[in-house]
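K.L.:
I'd like to go over a predicted model; first the sequence, then the structure.
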Amino acid sequence: MVLAGFVAGLPAAAAVIGGARALPYDQAIGRTRSAATAVLARKGSQSCLRGKLTNALLVMVASCDAAAERNALCELSNRAVVQPTWSVAFMEATAQELLELISAQAVL
């Protein structure tokens, strides 16, 4: 039972179950780039690619929050991760946009 922000005696922040862990921002970008590239190359089944992209975006969102980043890549990650349906077309369009934003960030 959750009482006053505690779960089994641990502070709520330390007891998040299933939440994505924040990686250093650059590592989160690398993971997102890898997942987006896999989606566009169709390296795996649709469900596997959906999971890979979802996990990468969850890490990206957590890393953006931890690094206090507020940019187009973080905003896209936030919007995409809450979409109720992930068709192949949605995943491909999202992957392409992610790669474009990552490339644009690298130039800055």
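P.N.:
Looks like it arrived, so ask away. Numbers count the residues shown, from 1 in each chain.
K.L.:
Residue 86 in helix, strand or coil?
P.N.:
coil (DSSP: H, G, I helix; E, B strand; the rest coil).
K.L.:
For it, give me phi and psi.
P.N.:
Backbone torsions of residue 86, given as degrees, to the nearest 10, read phi -120, psi 80.
K.L.:
Contact partners for it?
P.N.:
Residues in contact with residue 86 (Cβ atoms under 8 Å, 6 or more residues apart in numbering) are 50, 53-54. Just so you know, the C-beta spots here come from the backbone N, C-alpha and C atoms, and that holds for glycine as well.
K.L.:
And residue 83, by the same measure?
P.N.:
Residue 83 neighbours (Cβ under 8 Å, 6+ apart): residue 90.
K.L.:
change it to 10 Å
P.N.:
54, 57, 90-91, 94 (Cβ atoms under 10 Å, 6 or more residues apart in numbering).
K.L.:
No further queries at this time; thank you.
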